[in-house]
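> What shape does this take:
(chains A and B)
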Amino acid sequence: MAREALREPSMEIVRYDTMKLSIRQRRVVALVVVISALMVWLAGAHWIDTTLGRPEVYSGATLLACLVGLMAIGMRKRLVVLPLWSVSTWVQVHIYTGLFACIVFAFHVPAIVANGVFEGGLSIMFLVVAASGVYGVFLSRTVPKRLTALSSQPRFDRIQWHRNQLAVAASDIIGELADTPDRSVVVSFFDQSLQPYFASSLSTRYLLFPSTSYRRKLLAELMELDRYLNSEVQLAAKRLAALIRHRDDLDYQNALQFRLRAWVVIHGSLSVLLIVWSLVHAYLAIWMHGR
Amino acid sequence: MRRDDFELPVAPATDRPSDRYQCGFSCTDVGRTALSCPLGPTAAGACRHEKTLCRPVASTSLRSQRWATAVVVVGFMILIVGVYEYGTGFYKPGPLSAPHSQILAGKMGGASCAACHPQATTSLFGWFLTGHDAAALSQSDACMDCHHNELRQETARNAHNLTAEQLSGMNHGVNQTRPVSWNEWMLRPAFALDDVACATCHQEHGGADARLTSLSDAQCQTCHSDRFTSFATDHPAWDQWPYSKTESIAFDHGTHAKRHFTASKDESGNAKPFRCLDCHEKKVNGEFSRVTGYQACADCHDKSLNQQVGERLDLFTLPSLIQPRRERVGDWPAAATGFYDGKVGPLARWLLNSDPTIRQAIATLPAEGDYSRMDLNNASQRDAAETVAIAIANFIDSMGSKGPIVAATEFSGENQAMNRILKGLSPQLLSESSYRWHRKVIDVGMVGPKQDWVRPTIRAAAVRTKDNDDELLLDEDDPDGLLQEDGNSQEDPLLPSPLTPNGTLPGDSQGELGDATALGMKPNLDFDPVTMLPHGGWFANDTRMSISYRGYGHADPVLQAAIELVAGLPESDSIRRELLGSNPAAACMVCHPGATRVGAATWKVTPSSHRPRGAFTKFSHSPHMTLPVLSDCVQCHSLEDRDAAPPSTGLVTSVGNANGLSGAHHDFAPLQKMICSACHTAMSAGDECVKCHRYHPSQEPFSHDVLDGAAK
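Numbers count the residues shown, from 1 in each chain, chains lettered A, B, ... in the order given. Next comes the predicted model:
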């Protein structure tokens, strides 16, 4: 059975089915829009600057508006029933609005990291959120491909249930073996290596740096037992090998999905914090302006 | 599926991704395995079975929310802790400029913020609680708290610190000569011209290296809508800048350079070179003195000046009368009896004019007090002659007894200029002179009030004139007969002055005269002020019976005061005309026409009121003089070719114009813009507006009053 057949309906990767443009075309259009908006904005900044107005208020207000707009994607995800374009469209708007905000930020701040605890913290927060946004774009371009290449795409919060299933299945395979002399070879290996492996949870090391080295090590050791086994026990060993591969796939799924979810948490929570600090900054800046 | 493969079972669909809790799969209830619970937990996280043997766990969604909440809470905590830890210093948008940073170095937190931000209190939380009070002090007001010495408070927020009237006047003057441009429709300033905040241009929190006073061309052109792409092509040619002919000093560079210096000879017989730096010395700051002192002129003009100012300036002269009536004038000096002669000088007229009777008497005399032109058949003139003569004699006596300044103040009122004139006049000189002339002893000060020579008072004499010599008035004035003549005393020529028993005053500048009087009080007819008063001073001439002053050198204080005394009189006034026409005063007025300028008399060099040079421009010679080609002053400041200039150009030399009406035309050819634009380009020496212009008009040497005049 092909791995695609194992996909659950809820785990279907969302496709940009409403997009009629290719990715390259869409990117060009979006960049043209961003550059156009930027030129209009720069014209406005120049106008304010040449009239000895307050260009920093203008750029700050633009930044604040951009932040609010960027935060709106979170609201959109929670208001799925409203006909407010597709999420993919919102994501695209979100990405290029973020790009526009980064350029406006460069015009707004006197230094990339401003002086003072509050101002410097605000700058750093903006930069972290912007960097996490860039990382999110990178994740969204790489992780789905790697996830769909696996045999199954279980939900993140059900991966542990599947791990437990694999552990039970492995125990069942060992329990179903007839009491033959070569059974003890497999049982001994199961007790020493496989049972702890199936019973263990995902290590932090694997979560951050997923690797197939331990999987290959177990499979190699299991293959080494073949010459001591009769055909029936060999079949059981192969089934155990299949479980090892499934377990490793689950771990890999877990690590990649964790990256996505952790990124969402960090990006979203820092964005909330950023907009709160920005509102405080805006209030103080307008109140204390030099008139 | 292959025999050795494994198919993952389908997970129980008992929850959704957005649920807060999911099954813990730890159920041990009979009949169910831990992995096959079909119900799942409730929304509150409770197991749905009757026997709660399973412990539901938080879903990924709930855990994500918890993490996000934790991050936000930590952020708030940092904000709050930061405020408590750092106070208002927590909110610090950037370092201050070096001057402000030094001033506020000793202040803490909110106090340093509140120094420039009046809204700020010492508590950062207070910033949010106090709100915005529109009536509160603005930040510009806080700027003016310290910078009130540089700018006037009332015009500090005005464009260029000019009043609306001044600005309107300047704009009107410019617009008259400028065609309407498309720039008129360009962007307008984002502020009112009478509400320009300091921070509009002076942006703080840029750090120690930031130039707080920098101003870009674009900022200038916010209001000055004519677009300047470069100094060479767009800046208008200046008319007479940087020259402004002073109206207080008359000096003609052209005639000095081409005539006087050319004709002069030094020790070797060569003409003296006309070098700019001989007069305009280089100062410590590298600039050149715009105005030179008299020392630069003294080499050539000192001798002739001393000769002119050394001529006599009379204070009083006893006139000569024909048969003076003794009952009216008392004992008139025999030397002043014979025929009408003498003249009432301008200073004497100024003093005596305070009394209307005497003023009228002087007016009755021919030519404002010229006794030599008396009409012998005119009785009123004869009476007036005696009235004025008595007044002069009495004034001399009064000055001798009370002191010149006291006597003059009592009679004519307080006048600073007259006080300065009389400051060096010794009462003894007056009393001794009067004594010699009349051979009488008069009262000198508070000591020895022995007055044996009687003359009716000035007012009494005037009354008598009106009453046709009613001799009874003499008795009325002296009912006790104490003022009767004492012939014995009159004949005592050796009686010394009470203050000068030996006839000599310590420190008396007229020592020779004192010595002479001590030797029997004989008239010193041979007193020569030129030799006996080489450095000037007051002296008495017994031949002319006059009290006179001899001036000396430049800036003689008595001559200065005398000119200032009459400077306020109308130009038609005879006193003014006569005094300024005298040689000593005329010698001053040749170069100082501004000393008598109506309303703004001054001896010092002041700029022309119609062109306030430097109010909005600045220039430093120092960087220019480092260039060899510019080290020669005439490279920029060339004298106007007067021979080529037609008379209609208004080229007027003010030398010799003693009426204070100097020519407004300077002596130099207009400075060509290309001389400057050769170097002042964007790529070379720079051609920014602020290179030569300043936004705030300079206080020195021009006051706002001058600016007011300039605007008008």
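
> how about B:His253, what does it touch?
B:Leu639, B:Asp667, B:Phe668 (CB atoms under 8 Å, 6 or more residues apart in numbering or on different chains). (Each C-beta comes from the backbone N, C-alpha and C, glycine too.)

> What about the nearest residue to the first one once chain neighbours are set aside, how many residues nearby?
To tie it back to what came earlier, the one meant is B:Leu639. Excluding the flanking residues, the one nearest B:Leu639 by CB to CB, 6 or more residues apart in numbering or on different chains is B:Gly254, at 5.3 Å. Applying other CB atoms under 10 Å in any protein chain shown, we find 18 residues neighbouring B:Gly254.

> Look up which helix or strand B:Gly254 falls in, please.
helix B:253-255 (DSSP states H and E).

> quick revisit: would you mind confirming that the residue nearest to B:Leu639 is in contact with B:His666?
No: counting by CB atoms under 8 Å, B:Gly254 does not reach B:His666; the two are 9.8 Å apart.

> and the gap between B:Trp538 and chain A?
For B:Trp538, the distance to chain A equals 65 Å [CB to the nearest CB, to the nearest Å].

> can you tell me how far the closest residue in space to that residue that isn't next to it in sequence sits from chain A?
Nearest residue to B:Trp538 in three dimensions, chain neighbours excluded: B:Leu425, at 4.8 Å (CB to CB, 6+ apart). Going from B:Leu425 to chain A by CB to the nearest CB gives 63 Å.

> Now do stretch A:121-132: distance to the chain's middle.
18 Å (CA atoms, centre = their mean, to the nearest Å).

> Would you map the helices across chain A?
Counting by DSSP state H, chain A has helices at residues A:23-50, A:55-78, A:87-108, A:117-148, A:159-175, A:183-189, A:195-199, A:204-208, A:213-224, A:231-287.

> Can you tell me which of those helices is nearest to B:Arg48?
Between B:Arg48 and the helices of chain A, the shortest gap by CB to CB is with helix A:159-175, which sits at 17.1 Å.

> Next, the angle from the closest one to helix A:231-287.
170 degrees (axes from the mean of the first three to the mean of the last three CA atoms, to 10 degrees).

> So is helix A:159-175 next to chain B?
Yes: applying CB under 8 Å from any CB of the partner chain, one finds helix A:159-175 touching chain B at A:Trp161, A:His162, A:Asn164, A:Gln165, A:Leu166, A:Val168, A:Ala169.

> mind checking the SS state of the closest residue to the fourth one other than its chain neighbours?
Nearest residue to A:Gln165 in three dimensions, chain neighbours excluded: B:Pro9, at 5.6 Å (CB to CB, 6+ apart). At B:Pro9 the chain is in coil, as set by DSSP: H, G, I helix; E, B strand; the rest coil.

> Could you measure from the closest residue to B:Met374 other than its chain neighbours over to chain A?
Sequence neighbours aside, B:Tyr340 is the residue nearest to B:Met374 in space, at 4.1 Å (criterion: CB to CB, 6+ apart). Applying CB to the nearest CB, the value for B:Tyr340 to chain A is 80 Å.

> Wait, B:Tyr340 touches B:Glu386, no?
No: look at B:Tyr340 against B:Glu386 with CB under 8 Å: they stay out of range, at 10.5 Å.

> Name the residues contacting each of those two.
Listed as contacting both B:Tyr340 and B:Glu386 by CB under 8 Å, 6+ apart are B:Leu321.

> For residue 191, give me the pLDDT.
Looking at chain A here, since you left the chain open. Listed pLDDT for A:Asp191 reads 90.

> Wait, chain B was what I had in mind.
Per-residue pLDDT puts B:Phe191 at 80.

> Also B:Arg382?
Listed pLDDT for B:Arg382 reads 89.

> What of B:Ala461?
At B:Ala461, the model reports a pLDDT of 34.

> Up against chain B, what does the stretch 51-200 of chain A have?
Contacts of the stretch 51-200 of chain A with chain B, taken as CB under 8 Å from any CB, map to A:51-54, A:110, A:114-119, A:121, A:125, A:152, A:154-158, A:161-162, A:164-166, A:168-169.

> Using neighbour counts, give me the buried entries of these.
Burial by neighbour count, 16 or more other CB atoms under 10 Å in any protein chain shown: within these this picks out A:51-54, A:110, A:114-119, A:121, A:125, A:152, A:154-158, A:161-162, A:165-166, A:169.

> tell me the SS of B:Leu151?
Classified using three-state DSSP, B:Leu151 is coil.

> these two touch, right, it and B:Met144?
Yes: taking contacts as CB under 8 Å, B:Leu151 lies within contact range of B:Met144: 6.8 Å.

> Number of residues surrounding the residue nearest to B:Met374?
B:Tyr340: 21 surrounding residues under other CB under 10 Å.

> do B:Ser412 as well
Number of residues near B:Ser412 (other CB under 10 Å) recorded here: 16.
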